[in-house]
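Asks: Just a sequence and a predicted model for now, questions to come.
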Amino acid sequence: MPTSTPRKRDQTFKRLPKGENGGVQLLLIHNVEHLGRQGDIVEVKPGFALNFLLPQGLATVATDHHKRMVDKHREKLRAIELEKLSEFRKQADELGKQSITIEANANDEGHLYGSVGPHEIVDSLKAAGFTLATDQIRLEGPLKELGLYTVKVHLHSEVDASVKVWVVPTVTADMAGKE
């Protein structure tokens, strides 16, 4: 029977620096929501580090060299972050001026046959020139009735915007003929 060799993953665990609580110490390269900001040293579970943060390029191993480099460039990183933040605020102002209309099939009482969710809102905003992801749209639940809604758009951990969304009935050929 062949002898088994140690798995590569075990070797990777040995190279990652351990934190005080037994987790892995990493230096964040980018802001990670609910974890920390760029340049922070965080302690996370090994699985989160190996399966998400490191492969996505969001963090790196917190070596003494990396810590010194971050300290040296902290002001530059801060200026870049402030610039990004001002761009997100400009985008939030532009989004705040938007009012989008989404057509949906509805009955006579104004209840939709389906619902309007983040995907439809993102598509309408894309037509208006804004590129957003569906997870940036914050709804308390799907929109199931005709009317005007104020929808929150999460752009950054510090910047949110509001968009007015009109859900209107679909104009069909027979309705257009009655007018």
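Replies: Yep, that arrived.
Asks: all helices in the protein, in order from the N-terminus.
Replies: 8-15, 46-48, 64-96, 118-127, 173-178 (DSSP state H).
Asks: Give me the buried positions along the shortest one.
Replies: Buried residues in helix 46-48, counting neighbours by 16 or more other CB atoms under 10 Å, are found at F48. For glycine as for every other residue, the C-beta is placed from the backbone atoms N, C-alpha and C.
Asks: What is that helix packed up against?
Replies: Helices and strands touching helix 46-48, as assessed by 3 or more CB pairs under 8 Å, 6 or more residues apart in numbering; DSSP states H and E, are absent.
Asks: low-scoring stretches of the protein, by residue?
Replies: Scanning the chain for pLDDT under 70 picks out 1-14, 172-179.
Asks: Could you rerun that using 50?
Replies: 10-12, 173-179 (pLDDT under 50).
Asks: who does D160 bridge with?
Replies: Assessed by DSSP bridges, D160 has beta-bridge partners H154.
Asks: mind listing what it touches?
Replies: D160 is in contact with A92, R138, K152, V153, H154, counting by CB atoms under 8 Å, 6 or more residues apart in numbering.
Asks: returning to what we had before: ranking the helices of the chain by mean neighbour count, which comes first?
Replies: Greatest average neighbour count among those goes to helix 118-127 (a mean of 16), per mean count of other CB atoms under 10 Å.
Asks: So for that one, could I get the coordinates as CSV, restricted to C-alpha?
Replies: Output in CSV follows, covering the C-alpha atoms of helix 118-127 (Å, rounded to 0.1, in the frame of the first residue of the first chain):
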residue,chain,number,x,y,z
PRO,A,118,-33.7,44.0,-7.5
HIS,A,119,-33.0,42.5,-11.0
GLU,A,120,-35.7,44.6,-12.7
ILE,A,121,-34.5,47.7,-10.8
VAL,A,122,-30.9,47.1,-11.9
ASP,A,123,-32.0,46.6,-15.5
SER,A,124,-33.9,49.9,-15.5
LEU,A,125,-31.0,51.8,-13.9
LYS,A,126,-28.6,50.2,-16.5
ALA,A,127,-30.9,51.7,-19.3
